[in-house]
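A.B. asks: Pasting the sequence and the predicted model now:
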Amino acid sequence: MLKRKSYDYYLILATAIVLAVISAICVYGMFYFKFAELQHMPATAKALYMSRMNQAISPFIIALIMLLGICVPKRLLPVKWLNRFTLGLLTVVGVIAVLGGVVIALKVNLMITLVLQFIVLGLALAGNEQLHFEKKGYWTRVGSSCMHLGLILFILDLFFYRYHILHLVLFWVTTVSCVVGMLACFYSAAIVRLVGKLVTPHKGV
């Protein structure tokens with residue numbers, strides 16, 4: 001049985017590798033599109049290019065979704081129950097993939113992860129000390145929770161980009177959540193000092 005630190009290390013390492021590969025594919029796709037001047041080619045050529053790029057990036061998006069499905073409940077559960085939850089989640093996703101298709105299975109996985117992340121964020125905002133975070137500090141935990149929420153919503157938005165209004169809502173919620181999360185994580189000490197000055201009453205001369 002892996003210890004929690006082992007989970008953290010391997011999950012962070014795996015997530016970093018997957019995100020790096022996704023970023024590399026995206027950067028390559030943008031430069032190739034520009035230098036190959038695909039914008040001047042027929043619509044069929046553009047569609048073929050998009051299909052190939054989607055095929056290339058899809059396995060890594062799936063891997064990222066599965067990693068989030070394990071990473072988020074790690075904040076709530078001890079290692080013993082985390083192992084059981086992971087096994088149960090993989091079983092459910094596998095069954096849904098066989099019966100209804102991979103896309104539906106990934107959506108279900110994302111929705112479960114999203115609900116759990118809202119719970120984590122709510123507990124972090126409430127100052128719950130039972131959450132399992134590598135870093136201590138109220139604002140660091142809140143910031144980490146916000147960034148994870150933004151990442152989940154960003155991936156979820158990939159499935160709903162055809163719905164214009166929903167896409168815009170998810171985009172802006174994702175943007176705000178990620179920005180707030182990064183500020184809270186990277187400037188937690190400054191936020192603590194600022195809040196302390198605002199809360200502490202000024203003494204009269």
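C.D. replies: In hand now; what should we look at? Numbers count the residues shown, from 1 in each chain.

A.B. asks: so what secondary structure elements neighbour the helix or strand harbouring Met182?
C.D. replies: Assigned by DSSP states H and E, Met182 falls within helix 164-186. Counting by 3 or more CB pairs under 8 Å, 6 or more residues apart in numbering; DSSP states H and E, the packing neighbours recorded for helix 164-186 are helix 138-159. To be clear about C-beta, it is placed using only N, CA and C from the backbone, and glycine gets the same treatment.

A.B. asks: For the helix it packs on, which helices and strands make contact with it?
C.D. replies: Using 3+ CB pairs under 8 Å, 6+ apart: helix 138-159 touches helix 43-71, helix 102-125, helix 164-186, helix 188-199.

A.B. asks: Tell me which of these sits nearest to Lys136.
C.D. replies: Closest approach to Lys136 among these (CB to CB): helix 188-199, 10.0 Å.

A.B. asks: which residues touch that closest one?
C.D. replies: For helix 188-199, the external contacting residues (CB atoms under 8 Å, 6 or more residues apart in numbering) are Gly137, Tyr138, Trp139, Thr140, Gly143, Leu183, Ala184.

A.B. asks: now do 6 Å
C.D. replies: Gly137, Trp139, Thr140 (CB atoms under 6 Å, 6 or more residues apart in numbering).

A.B. asks: rewinding a little: out of the helices and strands packed on helix 138-159, which gets the lowest mean score?
C.D. replies: Of all the helices and strands packed on helix 138-159, the minimum mean pLDDT falls on helix 188-199 (a mean of 76).

A.B. asks: quick one: that helix to helix 164-186, angle?
C.D. replies: If you take axes from the mean of the first three to the mean of the last three CA atoms, to 10 degrees, helix 188-199 sits at 90 degrees to helix 164-186.

A.B. asks: quick one: buried residues of helix 188-199?
C.D. replies: Ser188, Ile191 (16 or more other CB atoms under 10 Å).

A.B. asks: starting at the chain centroid, how far to it?
C.D. replies: 28 Å (CA atoms, centre = their mean, to the nearest Å).

A.B. asks: And for stretch 25-36?
C.D. replies: For stretch 25-36, the distance to the chain centre is 24 Å (CA atoms, centre = their mean).

A.B. asks: Give me the nearest residue to the residue nearest the centre of the chain, chain neighbours excluded.
C.D. replies: Geometric centre of the chain, nearest residue: Leu151, 2.9 Å, by CA atoms, centre = their mean. Counting by CB to CB, 6 or more residues apart in numbering, Leu151 lies nearest to Leu68, which is 7.0 Å off, once chain neighbours are set aside.
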